[in-house]
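Enquirer: My questions are about this predicted structure, shown below with the sequence.
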Amino acid sequence: MNHLSAESTPPSPLILAEEVHKWFGDFHALRGINLTVYPQEVIVLMGPSGSGKSTFIRTLNGLETHQSGRIVIDNLELSRDSAALDVIRQEVGMVFQQFNLFPHLTVLQNITLAPVWVRKWSRSQAQAVALQLLERVGILEQAHKYPTQLSGGQQQRVAIARALAMQPKIMLFDEPTSALDPEMIQEVLEVMLTLAAEGMTMVVVTHEVEFARSVAHRILFMDQGQVVETAPPEQFFTQPQTPRSRQFLAKILSRSQLRLTP
Amino acid sequence: MISPGAQRPTQRQLTVSQWLGQNLFATWSNTLLTLVCLAGLGLVGGMICRWLLLYADLAVISTNLRLFWVGRYPLAQTWRLWGILTIASGTLAISWTLLVSLQRRTLMAWIALGLVNGAFSLAGGLTWGIISGLCLWIVGGLSLGQFLRHRHPTLPWLWLLPVQWVLALVTTLWLLGGGWGLTPVSTAFWNGLLLTVLLAVISIGLSFPLGILLALGRRSSLPVIRGLCVIYIEGMRGLPLIGVLFMAQVMVPLVLPPSMQLDQVLRGIIGLTLFSAAYLAENVRGGLQSIPPGQTEAAQALGLSAPLVLGLIVLPQALRAVIPALVGQFIGLFKDTSLLAIVGLVELTRMGRSILAQPQFQGRYLEVYLFTGLIYWICCYGLSMGSRRIEAILKVGQR
């Protein structure tokens, strides 16, 4: 999977975060995060809850504002300028833990909304692309249903298709399988695996060890607002370097083993 | 696990006597309650029938129908009123089919409504030609709405409806008031139900967007805007409507330069609109608060600009969440137009009072007030029914 390591260094990073700090009131949520992501890389963020991984991934498309440091997405710096922010957001797709589909629109309308209104595609073009995407995530037959008529796994696949419809350069996944019933996790992960195999640049917050092991180029382990450890997956899961990451891994590995026992 | 013998219990059809036994005469206390209620209903019904048959003089209604409907609008200009009725029915018909798919039942109901309409107009001395024309127009409007919906199912018809209504309203006002080739008719001659409906429709149409703006302003992150909206909303809600109406009649002329004096009807509309908008704003704010922040975030993450997030994602969901409250407010507004009788507008209520002043019908309070009440009830119940239908249609796919 690590097709990048052998190649020559890519020209410029898609994501560049330098010394990112964020406070919620007095609470110091992010304490100087650094991250560089090159095209076609898959980064997995792990860490206990409250470690700041969700907050950090949300700063990458400006859903949370950082108070100091620098974030550059595809050579555009994230700032408070809302017009620039809208341009960056068009290039960065996001998938949420709670899906956040628009309940008053059909599946097809959910997917075509942004291409029609933001990219200014014709409705027929947007629909053609949307139907292709729905076929790719395996729920073409649900196109005219409303989100609430779908299962959680189907809703999350629609959410992925909705983000992909904008043809983003980067996809952010914020715990995409955490709200799903166990038997639906696999169908969402499979879509994400295909996406990674096709060379999409991805930043994923997840506890799914198998997913991280098979597609991640690097794993960032975060704790208390800091990146404690950065390592390729095979090294991270077999020889974690810090006591904190060893403790964390012991917990989630035993959990995933538990799930595997019949 | 379903046991092999398990079956869905079949729904038995009850006979009349079984239904009565189960619902009205199940226990001795239930029986007693039923009998008391029946006695009460019989008493009231009997009194009404006795009054209708022995004492009521419905001539006060039938001779004054024209006054109830349109008041002193010039007889020679009656054709303009028919034009307005035609536009109004056409607009309603098109709106209805754009919102609700057309069923034969609906079509029948509309034709029936047209005929009833015609029956009333016969009492006002109008020809069958106009009546049948009206029916044709309604049927035509319904079919046009249906045609458009099927031909272009993807177009956002819901958002085109306001345009249609504004056009209809502008034409209506032109036909009513004259000018541009028509004999001018002063607003002093716009009376009766015509004025009531006009006041209500325009005030509803104006207070709705104003209410939305106030609700958005109250949630604004800019302290000045937020402060102003809070002061306006809380100030208005602290005043009685009748006070606001008096202020609109008396204060507005004082504020404006003498060269720019507003019409009495317009001042009435301003008063109603300003008052109602404050209440609507609070209803809309409730709807806005019910939308989870994830909806806004998802829309923002797709690159939608702030106005698009609001117009495509937040407002449609927020407004449909509070339809019952909004319609309640509209019904209240419709009935509140009767307060304008006190400040001198001859709408339905005031018209009733002036009919009571006719020497040959002195003392016929009950007939006139019951009839007026019936008209208000029909209009408000119609609003309520329409809103329930719209709510049912828009419910599709709601959480």
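Expert: Ah, there it is.
Enquirer: Do a quick rundown of the helices in the stretch 151-262 of chain A.
Expert: A:152-164, A:182-197, A:209-215, A:233-238, A:243-260 (DSSP state H, counting those that start in this stretch).
Enquirer: right, I mislabeled it, should have said the stretch 201-350 of chain B
Expert: B:223-237, B:241-255, B:264-289, B:293-301, B:306-308, B:315-321, B:323-336, B:348-356.
Enquirer: now for these, which one comes closest to residue A:134?
Expert: helix B:293-301 (17.8 Å; CB to CB). From N, CA and C alone the C-beta is placed, and that goes for glycine too.
Enquirer: Compile the helices of the stretch 201-350 of chain B into CSV and extend it with columns for distance to chain A, mean pLDDT and mean neighbour count.
Expert: Formatted as CSV, the helices of the stretch 201-350 of chain B follow (distance: least, CB to the nearest CB, whole Å; pLDDT from 0 to 100; neighbours: other CB atoms under 10 Å in any protein chain shown):
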stretch, distance to chain A, mean pLDDT, mean neighbour count
helix B:223-237, 17, 96, 14
helix B:241-255, 34, 89, 15
helix B:264-289, 12, 95, 22
helix B:293-301, 4, 96, 20
helix B:306-308, 6, 92, 13
helix B:315-321, 5, 91, 20
helix B:323-336, 13, 94, 18
helix B:348-356, 38, 93, 21
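Enquirer: Below-threshold pLDDT in the stretch 1-150 of chain B: ranges please.
Expert: Counting by pLDDT under 70, the ranges of the stretch 1-150 of chain B that qualify are B:1-6, B:100-139, B:143, B:149.
Enquirer: at 80 what do you get?
Expert: B:1-14, B:78-79, B:82-83, B:85-86, B:89-90, B:93-150 (pLDDT under 80).
Enquirer: Tell me how far the closest residue to chain A within it lies from residue B:160.
Expert: Using CB to the nearest CB, residue B:99 is the residue of the stretch 1-150 of chain B that sits closest to chain A, at 15.0 Å. Applying CB to CB, to the nearest Å, the value for residue B:99 to residue B:160 is 11 Å.
Enquirer: which one of these two has more residues nearby?
Expert: Comparing residue B:99 with residue B:160 by other CB atoms under 10 Å in any protein chain shown, the one with more neighbours is residue B:99, at 17 against 14.
Enquirer: quick one: that one and residue B:392 touch, right?
Expert: No. Applying CB atoms under 8 Å as the test, residue B:99 and residue B:392 come out as separate, 10.4 Å apart.
Enquirer: can you confirm residue B:379 is in a strand?
Expert: No. Read with DSSP: H, G, I helix; E, B strand; the rest coil, residue B:379 is helix and lies in no strand.
Enquirer: Just give the nearest non-adjacent residue to it, would you?
Expert: Take residue B:379 and drop its neighbours on the chain: the residue closest to it by CB to CB, 6 or more residues apart in numbering or on different chains is residue B:334, 6.2 Å away.
Enquirer: so who does that neighbour touch?
Expert: If a contact means CB atoms under 8 Å, 6 or more residues apart in numbering or on different chains, then residue B:334 has B:196, B:200, B:204, B:376, B:379, B:380, B:383 as its contacts.
Enquirer: hmm, which two among those are most spread apart?
Expert: Farthest pair in the contacts of residue B:334, by CB to CB: B:204 and B:376, 15.3 Å.
Enquirer: higher neighbour count, these two?
Expert: Using other CB under 10 Å, the more surrounded residue of residue B:204 and residue B:376 is residue B:204, with 21 against 18.
Enquirer: quick one: contacts for the more buried one?
Expert: For residue B:204, the contact set (CB under 8 Å, 6+ apart) comprises B:276, B:330, B:333, B:334.
Enquirer: Kindly recompute the last result at 6 Å.
Expert: Residue B:204 makes contact with B:330, B:333 under the criterion CB atoms under 6 Å, 6 or more residues apart in numbering or on different chains.
Enquirer: okay, it: pLDDT?
Expert: At residue B:204, the predicted lDDT confidence score is 95.
Enquirer: is any part of stretch A:131-141 close to chain B?
Expert: No. Residues of stretch A:131-141 are not located near chain B by CB under 6 Å from any CB of the partner chain, the shortest gap being 13.8 Å.
Enquirer: what comes up buried for that stretch?
Expert: Using 16 or more other CB atoms under 10 Å in any protein chain shown as the test for burial, stretch A:131-141 gives A:131, A:133, A:134, A:136, A:137, A:139.
Enquirer: what about that stretch, start to end distance?
Expert: Its start and end residues considered, stretch A:131-141 measures 9 Å (CA to CA, to the nearest Å).
Enquirer: Residue A:45 is in what secondary structure piece?
Expert: Using DSSP states H and E, the element containing residue A:45 is strand A:42-46.
Enquirer: Just say helix, strand or coil for residue A:16.
Expert: Under three-state DSSP, residue A:16 comes out as strand.
Enquirer: How many neighbouring residues does it have?
Expert: Using other CB under 10 Å: residue A:16 sits among 18 other residues.
Enquirer: and it, what does it touch?
Expert: Per CB under 6 Å, 6+ apart, neighbours of residue A:16: A:36, A:72.
Enquirer: Across the sheet, point out what pairs with residue B:347.
Expert: With DSSP bridges as the criterion, residue B:347 is bridged to residue B:192.
Enquirer: For it, give me its contacts.
Expert: B:195, B:196, B:337, B:340.
Enquirer: what's the nearest residue to residue 59 if we skip its chain neighbours?
Expert: All of this refers to chain A. residue A:66 is the one closest to residue A:59 (CB to CB, 6+ apart), at 4.8 Å.
Enquirer: Can you look at chain B instead?
Expert: Nearest in space to residue B:59, with sequence neighbours left out and distances taken as CB to CB, 6+ apart, is residue B:361 at 7.6 Å.
Enquirer: correct me, but that neighbour touches residue B:60?
Expert: Yes. Using CB atoms under 6 Å, residue B:361 is in contact with residue B:60, at 4.2 Å.
Enquirer: of the two, who's got more company?
Expert: residue B:60 (22 against 18).
Enquirer: Tell me the buried residues in the strand or helix carrying that one?
Expert: Assessed by DSSP H and E, residue B:60 sits inside helix B:59-62. The neighbour-count check on helix B:59-62 (16+ other CB under 10 Å) flags B:60, B:61 as buried.
Enquirer: what does it contact?
Expert: Contacts of helix B:59-62 (CB under 6 Å, 6+ apart): B:361, B:364, B:367, B:371.
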